[in-house]
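> Provide a 3D model corresponding to the input given below.
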Amino acid sequence: MSTDYMQTILKPMLSGAQMTVLLFFIAIIASLPLGFLLTLAVRSRFKPLSWLAQAYIYVMRGTPLLLQLMFICFGLPLLPVIGQYLVLDRFIAASLGFILNYAAYFAEIFRGGLLAIDRGQYEAAQVLGLNKWQTTTKVILPQMFRIAIPAVANESVTLVKDTALLYAVAVPELLHYAETAVNRDFTVVPFFVAAVIYLLMTMVLTLFFKWLERRFTFE
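Next up, the predicted model:
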(Lines give C-alpha, C1' and ligand atoms only; values in the text may rest on other atoms or scores of the structure.)
Protein backbone atom coordinates (compact mmCIF):
# COMPACT_ATOMS: atom_id res chain seq x y z
CA MET A 1 0.00 0.00 0.00
CA SER A 2 1.48 3.31 -1.09
CA THR A 3 2.41 6.11 1.27
CA ASP A 4 0.23 8.51 -0.71
CA TYR A 5 -2.83 6.32 -0.16
CA MET A 6 -2.17 6.09 3.58
CA GLN A 7 -1.93 9.87 3.77
CA THR A 8 -5.17 10.15 1.80
CA ILE A 9 -7.16 8.02 4.24
CA LEU A 10 -5.39 9.15 7.41
CA LYS A 11 -6.36 12.80 7.16
CA PRO A 12 -10.16 12.30 7.34
CA MET A 13 -9.81 9.41 9.79
CA LEU A 14 -7.74 11.51 12.18
CA SER A 15 -10.38 14.20 11.84
CA GLY A 16 -12.95 11.60 12.84
CA ALA A 17 -10.74 10.52 15.74
CA GLN A 18 -10.86 14.11 17.02
CA MET A 19 -14.64 13.82 17.22
CA THR A 20 -14.21 10.53 19.09
CA VAL A 21 -11.82 12.09 21.60
CA LEU A 22 -14.07 15.14 22.04
CA LEU A 23 -17.09 12.98 22.81
CA PHE A 24 -15.04 10.88 25.23
CA PHE A 25 -13.90 13.89 27.25
CA ILE A 26 -17.36 15.46 27.32
CA ALA A 27 -18.94 12.18 28.44
CA ILE A 28 -16.32 11.29 31.05
CA ILE A 29 -16.14 14.78 32.58
CA ALA A 30 -19.91 15.04 32.92
CA SER A 31 -20.86 11.44 33.73
CA LEU A 32 -18.40 10.90 36.60
CA PRO A 33 -19.81 13.63 38.89
CA LEU A 34 -23.37 12.83 37.78
CA GLY A 35 -22.73 9.18 38.64
CA PHE A 36 -21.48 10.16 42.09
CA LEU A 37 -24.60 12.28 42.68
CA LEU A 38 -26.72 9.29 41.66
CA THR A 39 -24.84 7.17 44.20
CA LEU A 40 -25.66 9.68 46.92
CA ALA A 41 -29.29 9.71 45.78
CA VAL A 42 -29.51 5.92 45.94
CA ARG A 43 -28.11 5.97 49.49
CA SER A 44 -30.39 8.83 50.53
CA ARG A 45 -32.70 8.30 53.49
CA PHE A 46 -35.41 10.11 51.53
CA LYS A 47 -36.98 7.00 50.00
CA PRO A 48 -38.72 8.58 46.97
CA LEU A 49 -35.38 10.04 45.84
CA SER A 50 -33.62 6.72 46.39
CA TRP A 51 -36.31 4.80 44.48
CA LEU A 52 -36.19 7.30 41.61
CA ALA A 53 -32.40 7.04 41.35
CA GLN A 54 -32.54 3.23 41.45
CA ALA A 55 -35.21 3.18 38.74
CA TYR A 56 -33.13 5.50 36.57
CA ILE A 57 -30.03 3.32 36.95
CA TYR A 58 -32.06 0.18 36.21
CA VAL A 59 -33.50 1.64 33.00
CA MET A 60 -30.24 3.08 31.70
CA ARG A 61 -28.26 -0.09 32.42
CA GLY A 62 -31.03 -2.39 31.25
CA THR A 63 -31.57 -0.89 27.78
CA PRO A 64 -29.04 -0.66 24.93
CA LEU A 65 -27.05 2.54 24.59
CA LEU A 66 -27.86 2.54 20.87
CA LEU A 67 -31.58 2.55 21.64
CA GLN A 68 -31.11 5.46 24.03
CA LEU A 69 -29.18 7.42 21.41
CA MET A 70 -31.88 6.73 18.82
CA PHE A 71 -34.58 7.89 21.23
CA ILE A 72 -32.80 11.13 22.11
CA CYS A 73 -31.84 11.95 18.52
CA PHE A 74 -34.95 10.78 16.67
CA GLY A 75 -37.61 10.02 19.29
CA LEU A 76 -37.71 13.16 21.41
CA PRO A 77 -38.68 15.44 18.47
CA LEU A 78 -41.71 13.17 17.86
CA LEU A 79 -43.18 13.65 21.32
CA PRO A 80 -46.53 15.46 21.24
CA VAL A 81 -46.62 19.14 22.22
CA ILE A 82 -43.03 19.41 23.50
CA GLY A 83 -41.27 17.55 20.68
CA GLN A 84 -40.61 20.67 18.64
CA TYR A 85 -38.57 22.08 21.52
CA LEU A 86 -36.46 18.94 21.86
CA VAL A 87 -34.79 18.98 18.44
CA LEU A 88 -31.09 18.88 19.25
CA ASP A 89 -27.91 18.99 17.25
CA ARG A 90 -26.90 15.38 16.59
CA PHE A 91 -23.57 15.65 18.40
CA ILE A 92 -25.15 17.38 21.40
CA ALA A 93 -27.90 14.76 21.50
CA ALA A 94 -25.37 11.93 21.29
CA SER A 95 -23.24 13.50 24.03
CA LEU A 96 -26.31 13.74 26.25
CA GLY A 97 -27.08 10.08 25.62
CA PHE A 98 -23.56 8.98 26.52
CA ILE A 99 -23.53 11.12 29.67
CA LEU A 100 -26.86 9.79 30.92
CA ASN A 101 -25.95 6.19 30.14
CA TYR A 102 -22.47 6.13 31.62
CA ALA A 103 -23.54 8.06 34.71
CA ALA A 104 -25.68 5.06 35.63
CA TYR A 105 -22.72 2.69 35.30
CA PHE A 106 -20.41 4.96 37.28
CA ALA A 107 -23.08 5.27 39.98
CA GLU A 108 -23.02 1.51 40.49
CA ILE A 109 -19.21 1.51 40.52
CA PHE A 110 -19.10 4.20 43.20
CA ARG A 111 -21.83 2.44 45.20
CA GLY A 112 -19.75 -0.73 45.10
CA GLY A 113 -16.72 1.23 46.26
CA LEU A 114 -18.64 2.57 49.25
CA LEU A 115 -19.96 -0.87 50.17
CA ALA A 116 -16.42 -2.27 50.06
CA ILE A 117 -15.26 0.07 52.82
CA ASP A 118 -15.18 -1.66 56.19
CA ARG A 119 -17.65 -0.30 58.74
CA GLY A 120 -14.78 -0.01 61.17
CA GLN A 121 -13.46 2.95 59.18
CA TYR A 122 -16.50 4.99 60.20
CA GLU A 123 -16.13 3.95 63.83
CA ALA A 124 -12.41 4.76 63.82
CA ALA A 125 -13.15 8.23 62.45
CA GLN A 126 -15.65 8.82 65.26
CA VAL A 127 -13.07 7.72 67.84
CA LEU A 128 -10.62 10.24 66.37
CA GLY A 129 -13.21 12.98 66.78
CA LEU A 130 -13.89 13.60 63.11
CA ASN A 131 -17.28 15.02 62.22
CA LYS A 132 -19.44 13.58 59.41
CA TRP A 133 -18.03 15.93 56.75
CA GLN A 134 -14.42 15.22 57.72
CA THR A 135 -15.09 11.49 57.82
CA THR A 136 -16.61 11.56 54.35
CA THR A 137 -14.02 13.75 52.64
CA LYS A 138 -10.85 12.60 54.38
CA VAL A 139 -11.54 8.92 55.11
CA ILE A 140 -14.36 7.48 53.04
CA LEU A 141 -14.14 9.18 49.63
CA PRO A 142 -10.37 8.66 49.12
CA GLN A 143 -10.80 4.94 49.83
CA MET A 144 -13.88 4.73 47.60
CA PHE A 145 -12.06 6.29 44.66
CA ARG A 146 -9.06 4.02 45.20
CA ILE A 147 -11.31 0.96 45.12
CA ALA A 148 -13.27 2.25 42.12
CA ILE A 149 -10.29 3.10 39.87
CA PRO A 150 -9.98 -0.32 38.13
CA ALA A 151 -13.70 -0.43 37.35
CA VAL A 152 -13.73 3.21 36.21
CA ALA A 153 -10.76 2.45 33.96
CA ASN A 154 -12.60 -0.48 32.42
CA GLU A 155 -15.72 1.60 31.74
CA SER A 156 -13.61 4.41 30.30
CA VAL A 157 -12.01 2.03 27.80
CA THR A 158 -15.47 0.77 26.91
CA LEU A 159 -16.57 4.38 26.41
CA VAL A 160 -13.82 4.93 23.85
CA LYS A 161 -15.05 1.95 21.85
CA ASP A 162 -18.72 2.87 22.25
CA THR A 163 -18.09 6.23 20.57
CA ALA A 164 -18.31 4.27 17.32
CA LEU A 165 -22.09 4.36 17.90
CA LEU A 166 -21.99 7.98 16.74
CA TYR A 167 -22.01 6.48 13.28
CA ALA A 168 -25.54 5.17 13.86
CA VAL A 169 -26.92 8.66 14.52
CA ALA A 170 -25.20 10.26 11.52
CA VAL A 171 -22.36 11.96 13.38
CA PRO A 172 -19.16 11.55 11.34
CA GLU A 173 -16.43 9.99 13.46
CA LEU A 174 -13.54 7.58 13.00
CA LEU A 175 -15.56 4.54 11.93
CA HIS A 176 -17.62 6.60 9.50
CA TYR A 177 -14.54 7.72 7.59
CA ALA A 178 -13.08 4.22 7.69
CA GLU A 179 -16.20 2.68 6.16
CA THR A 180 -16.40 5.46 3.56
CA ALA A 181 -12.83 4.66 2.45
CA VAL A 182 -13.57 0.92 2.37
CA ASN A 183 -16.65 1.37 0.20
CA ARG A 184 -14.84 3.78 -2.09
CA ASP A 185 -11.57 1.91 -2.53
CA PHE A 186 -12.69 -1.73 -2.09
CA THR A 187 -9.98 -2.47 0.47
CA VAL A 188 -10.07 -3.38 4.16
CA VAL A 189 -6.94 -1.35 4.95
CA PRO A 190 -8.96 1.58 6.42
CA PHE A 191 -10.54 -0.81 8.92
CA PHE A 192 -7.07 -1.91 10.08
CA VAL A 193 -5.99 1.73 10.35
CA ALA A 194 -9.10 2.51 12.41
CA ALA A 195 -8.34 -0.45 14.68
CA VAL A 196 -4.80 0.83 15.25
CA ILE A 197 -6.10 4.30 16.13
CA TYR A 198 -8.61 2.84 18.60
CA LEU A 199 -5.88 0.67 20.14
CA LEU A 200 -3.60 3.67 20.54
CA MET A 201 -6.34 5.66 22.28
CA THR A 202 -7.19 2.83 24.65
CA MET A 203 -3.50 2.22 25.34
CA VAL A 204 -2.97 5.83 26.38
CA LEU A 205 -6.06 5.65 28.58
CA THR A 206 -4.96 2.36 30.15
CA LEU A 207 -1.50 3.74 30.93
CA PHE A 208 -3.05 6.83 32.51
CA PHE A 209 -5.26 4.78 34.82
CA LYS A 210 -2.38 2.48 35.75
CA TRP A 211 -0.39 5.56 36.76
CA LEU A 212 -3.39 6.87 38.69
CA GLU A 213 -3.83 3.54 40.44
CA ARG A 214 -0.16 3.43 41.47
CA ARG A 215 -0.38 6.98 42.78
CA PHE A 216 -3.41 6.21 44.94
CA THR A 217 -1.85 2.94 46.13
CA PHE A 218 1.36 4.54 47.42
CA GLU A 219 -0.21 7.60 48.96
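
> can you give me the strands in the chain?
Ranges of strands within the chain: none, based on DSSP state E.

> Report back the residue of it that's furthest from centre.
The C-alpha centroid of the chain is most remote from Val127, which lies 38.4 Å away (Cα atoms, centre = their mean).

> Point out where the protein drops to low pLDDT.
1, 217-219 (pLDDT under 70).

> Identify, by residue count, the longest helix of it.
Across the chain, the helix with the greatest residue count (assigned by DSSP state H) is helix 3-42.

> list the buried ones in that helix?
Taking 16 or more other Cβ atoms under 10 Å as the basis for neighbour counts, the residues of helix 3-42 that come out buried are 9-10, 12-13, 16-17, 19-20, 23-24, 26-28, 30-32, 34-36, 38-39, 41-42. No exception for glycine: its C-beta is placed from N, CA and C like everyone else's.

> Look up how far Trp133 lies from the residue farthest from the centre of the chain.
Separation of Val127 from Trp133 (Cβ to Cβ, to the nearest Å): 17 Å.

> Phi, psi for Ala170 please.
Torsion angles at Ala170 (phi, psi; degrees, to the nearest 10) stand at phi 60, psi 30.

> That one and Leu79: what is the separation?
Using Cβ to Cβ, one gets 20 Å for the distance from Ala170 to Leu79.

> And for Leu115?
When distance is defined by Cβ to Cβ, Leu115 is 38 Å away from Leu79.

> follow-up on the earlier one: gap between the longest helix of the chain and the chain center?
9 Å (Cα atoms, centre = their mean, to the nearest Å).

> so what does that helix touch, helix or strand wise?
If you count contacts as 3 or more Cβ pairs under 8 Å, 6 or more residues apart in numbering; DSSP states H and E, helix 3-42 packs onto helix 47-62, helix 90-115, helix 141-162, helix 174-185, helix 189-217.

> who's in contact with Glu108?
57, 61 (Cβ atoms under 8 Å, 6 or more residues apart in numbering).
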